[in-house]
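Undergrad: sharing a model that was predicted from the sequence below.
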Amino acid sequence: MKKGICKNVFLINIFLIFILAGCSEKDPTKGVGPVSDLTLDSNINISLSEKGKQIFDSKCLACHNFERRVVGPPLNGITQRRKPEWIMNMIINPEEMTHKDPQAKELLMQYITPMVSQNITEDEARAMLEYFRSKDKGL
């Protein structure tokens, strides 16, 4: 009788491992990179947004505009089209994103020129995301 119980417990544990492994899969719409979960406040942090604008203007403005295509795609409405994690991962990790993320691969096919890493930190990317959010809210 004990062998039967041990076998059942073993099978239940294996089953739970498969269930938990399936639940822990990364959301493919969040991109590839260090940002896997981000909770945003509904209000815009103005000082963070201003910092993000400075970073964007110094590192991204040559290739991106909000209203029109430059080298890269226009960014107007980006926070409505992509998850915040995806946006930050694309800013931080553009090379790996264009190799592994389906949406980033599609953008590369459309715009041809790959996005170059600007060695932006996670904190800087978060500030840029806040700037994008402010632009998309018309602030």
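TA: Received, thanks. In this text, all values refer to a predicted model and were calculated from it rather than measured experimentally.
Undergrad: what helix or strand does the residue nearest to the spatial centre of the chain sit in?
TA: In the chain, the centroid-proximal residue (Cα atoms, centre = their mean) is residue 86; its distance is 1.7 Å. Mapping residue 86 onto the secondary structure by DSSP states H and E places it in helix 84-92.
Undergrad: kindly report the same for residue 53.
TA: Element membership of residue 53, judged by DSSP H and E, is helix 46-59.
Undergrad: residue 28 contacts residue 100, doesn't it?
TA: No: checked against Cβ atoms under 8 Å, the pair residue 28 and residue 100 is beyond contact range at 9.8 Å. To be clear about C-beta, it is placed using only N, CA and C from the backbone, and glycine gets the same treatment.
Undergrad: which neighbouring elements make contact with the helix holding residue 53?
TA: Contacting helix 46-59 under the criterion 3 or more Cβ pairs under 8 Å, 6 or more residues apart in numbering; DSSP states H and E are the following elements: helix 122-136.
Undergrad: buried ones in the helix it packs on, by neighbour count?
TA: When burial is assessed from 16 or more other Cβ atoms under 10 Å, helix 122-136 yields the following buried residues: 124-136.
Undergrad: before we move on, the earlier item: grab the nearest non-local neighbour of the residue nearest to the centre of the chain.
TA: Nearest residue to residue 86 in three dimensions, chain neighbours excluded: residue 31, at 4.0 Å (Cβ to Cβ, 6 or more residues apart in numbering).
Undergrad: could you do residue 97 as well?
TA: If you skip the residues right next to it in sequence, residue 97 has residue 104 as its closest partner in space, 4.0 Å away by Cβ to Cβ, 6+ apart.
Undergrad: next: residue 71.
TA: residue 63 (4.0 Å).
Undergrad: my read: the one you found touches residue 115, true?
TA: Yes: counting by Cβ under 8 Å, residue 63 does reach residue 115; the two are 7.5 Å apart.
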